[in-house]
Structure formats: C-alpha cells, structure tokens
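Enquirer: Okay, here's the prediction I keep looking at, along with the sequence it came from:
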Amino acid sequence: MKPFRHRFGILVTCICILMSSCGGSKGQKPQEITKLKAHQWYYFTQRGFYPIQLPQQAPEVAAKPWTEAIRISAAGNNTADNCALVNRLGILDFTTGKPELFRDVMLFDQVTADTLLFTEDGPVFHLYKNTHFNQQGQNSIDGQAKTKDEAFARPLLVRYDRQQKLCTPVLTYGNMNLPLDAQLTSIIPRNDIWIGAVKTLRDDVVNFTYLTFQALDKDGAIPDATNQVIPTQEIDADSFRQAQQPAPLKDAPAPLQQLFAQVPESFEFYLSCREEGKLAPVLYDNTRNQSPAGGYLAQGWGFLSTVGAAALFSDGTVYITKSLLLGGDDAQTPADGVIAFRLPKLPAGFSYGEFTIQGNTLYAGWEETDFYKTARSGFIAVNLSTIGAQLS
C-alpha cells in the first residue's frame, strides 16, 4: 500500500487538543508515553533489524523513492497470522509474540512489495517493479520478462507460509497474459474479484490500462493457476477509480466509530482500517464531501477485532478502546470507553506508519521521509499492558 503522506499533521494536533476540550477519555490531552518506558525501538538494515535507543541514532542511509526503500509497506493480522511486509527485505512475523524476520533475497531484492492481504491460506502480498526509479534487473524474478516462460516464472502474488517460513508464488505475470514489459502496479480485491492497474512504457510514454479477473474465491482462497492463463476483462479508468473510493466513516463498525465520538465531524481525515478475519483493509472517509482524493490521501490506520478497536495517526496519536488496551480480560465489552495517548515523539522529518497488535504489544512502523523518498526506517514495539495500567 502506498505510504500515507502527512499533510494533515497540524489537523491531528488540533484533534488531540479538541479531545481535551470535549472530555476525551479522561478529560485530558493525550499523554506521551516516553516516561512510561513501555516501548522498544528497532531499525532496519539490508541484513535485518536491530534494537536502538532512538530512531535518530540509526545509521544514516541514502534516501530512496519509497518503492525502492527498506520500509514497512503494510502490516496486519488474521486469526492465525500477524506480520508486516518489509519492502526489499522480507516478512516480519509477530505471531510468536516477538518479531522475527524471514528474508528472501530472490523475491524481494529488486522489486516493490505491496498490498498485504490475509486469505484463509495465509498472508499474500503483491510484487511489481517501478520502472521509473528502478532500471536494474531484467530477468523473470526482479524485472521484465523477455519470454512467455519468464513471465510465468515472474511472481505477481506471493503467499507467506508461517509454518514453513517460506514465500511461495501463487500467481505470476504469465497467468495474466500481459505484455512482457507490463507492471501490475496496483491490485486490490473487491466483491470477489480482483481489480488491477497495468502500466506499460512505449517510446518513453507511460500508458495505463485497467482490468478485473475472477481468481479470488469467495472464501479468500487463491486457486492454483500453475501455467494457465486467467481470463481478464478490461475496464475503464473511471471504474477503477470508483472501486478505490473510501466508505463514509459513519458506515464503519460501531467500535471504530466510537474512537472518534469526541471529535467533531468538521475535522477531516482518512483511515485505512484492517478488521481481524477480513481479506483487505477498508479506507474510511471522514471528509465533508467525500473528497475524490479519497483513495490516494490518508492520514491514519485502524485495527478492529472482536475485543475492540484502535487507530494510529502519523504523528503517533493513538485512540484505543479500553477493552483492547487491557487485553479484553478487565473490560466487559468493546464499548466501555476510549483511551487516547501519544507514542514517543519522533524527530522532525520522521513519521509513524501502519501498525498491528499481537497480544498486548502494538507494533508500528516508523520512517524518515522527504516527500516521496524514505531514508532510515524501522518499527516500535509498545507494551499496551503497561500503558493500560498507568492510563486506564
């Protein structure tokens, strides 16, 4: 999923102040948790991840376009798996209760890893190449296929097997019967079908076409297509855009709406929310006029389970139901109140990203950004039990 650029940072601060004036969860401005010592920082290198005292102490790295940089591009969970997709590196697995990285140099080295989904058969992610920024690798794994056989060897959708610690292609570019130089730069499931954007370059002119295909079963399983070509149907650009439009926040499940009960509707934001047991995240729109930019600008991430709900914004502001904060043991229902707090403040030019919750730990990505480029990156692990004991 494309990173959310943070032009609404001031807005989030205003929301926090407003939560204070409207009562919030405790009638106070959300507390910053640094002094609680309930967190641990980690940073990424080309070889893995390592603990560090502060993000700004991570070794300097050259800034790269976000499609080429090591960074958490997506995170989430279902009932069995909980992981993050780390671009150019591998899968960061949180399922055991501690972060474990499973690298796959062959798959991740020269391509962009995006669009993390959770099927009944395990997490699935999407690979493509940004030909504008990436001129390396012209073979079937990390670049453009030169023959049909190479197209069938070039992964499009890849499944992560937690038990085997393996990433296995389940659909290839050959299955889609695309031009050999094509890149499927966007692929999303909608109502039992896949919708994709196909990018081609002809005489230095970029062209986009859009398609749908029926490779997704209703139960979320992806059939084994082997070397077969999957029937596709071309759609127009407007149909593709419509498929990506967000849903109004008022249509979100009640526990998610509850997080923002004290925030006036006049304050606008987008929230990409993952619901436990669901295939893909849903983008919710809390703007006044359902802005047409809805599918492309966002400023927050949400998490929804049977226990409760949480939301994280790029400045580190977290809203979480008490039931989820307390692990469900000390709360009667998901509707028993909301706690707001702030993750440790990041240096200027740094921001938080997508998050997931495993047990009593919240894991959130962080990165150093400059417009479309990313430099240093990593993640933070936050002990929710410690925060709950102090703030609830």
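Expert: Great, that's in hand. Residues are numbered from 1 along each chain as shown.

Enquirer: and the host helix or strand of residue 76, which strands flank it?
Expert: Taking DSSP states H and E as the criterion, residue 76 maps to strand 71-77. Its sheet considered, strand 71-77 pairs with strand 82-87 (antiparallel) by DSSP bridges.

Enquirer: tell me the mean pLDDT over the partner strand?
Expert: The average pLDDT within strand 82-87 is 97.

Enquirer: and residue 332, what pLDDT?
Expert: pLDDT, residue 332: 43.

Enquirer: Give the burial count for residue 171, as a bare number.
Expert: Neighbour count of residue 171, defined by other Cβ atoms under 10 Å: 24. Quick note: C-beta positions are derived from backbone N, CA and C, even for glycine.

Enquirer: Oops, could you answer that again for residue 46 instead?
Expert: Neighbours of residue 46 (other Cβ under 10 Å): 11.

Enquirer: who's in contact with it?
Expert: The contact partners of residue 46, by Cβ atoms under 8 Å, 6 or more residues apart in numbering, come to 70, 88, 89.

Enquirer: what ranges of this protein fall below the confidence cut-off?
Expert: Residues of the chain that meet the criterion pLDDT under 70 lie in 1-28, 134-146, 215-225, 227, 264-266, 289-298, 328-335.

Enquirer: about what we covered before: so which of the contacts of residue 46 wins on neighbours?
Expert: Neighbour max across the contacts of residue 46 (other Cβ under 10 Å) = residue 89, 25 neighbours.

Enquirer: what ranges do the helices span in the stretch 101-250 of the chain?
Expert: Ranges of helices within the stretch 101-250 of the chain are 105-108, 148-152, 237-243, based on DSSP state H, counting those that start in this stretch.

Enquirer: can I get those in JSON lines with distance to residue 94 and mean neighbour count?
Expert: Shown next, in JSON lines, are the helices of the stretch 101-250 of the chain (distance: least, Cβ to Cβ, whole Å; neighbours: other Cβ atoms under 10 Å):
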{"stretch": "helix 105-108", "distance to residue 94": "18", "mean neighbour count": "16"}
{"stretch": "helix 148-152", "distance to residue 94": "33", "mean neighbour count": "17"}
{"stretch": "helix 237-243", "distance to residue 94": "30", "mean neighbour count": "14"}
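
Enquirer: spatially speaking, which residue is in the middle of the protein?
Expert: Centroid check for the chain by Cα atoms, centre = their mean gives residue 74 as the closest residue, at 2.7 Å.

Enquirer: Dig out what that one forms beta bridges with.
Expert: residue 85.

Enquirer: quick one: it from residue 356, how far?
Expert: Distance from residue 74 to residue 356, counting by Cβ to Cβ, to the nearest Å: 9 Å.

Enquirer: Need the residues touching each of those two.
Expert: residue 84.
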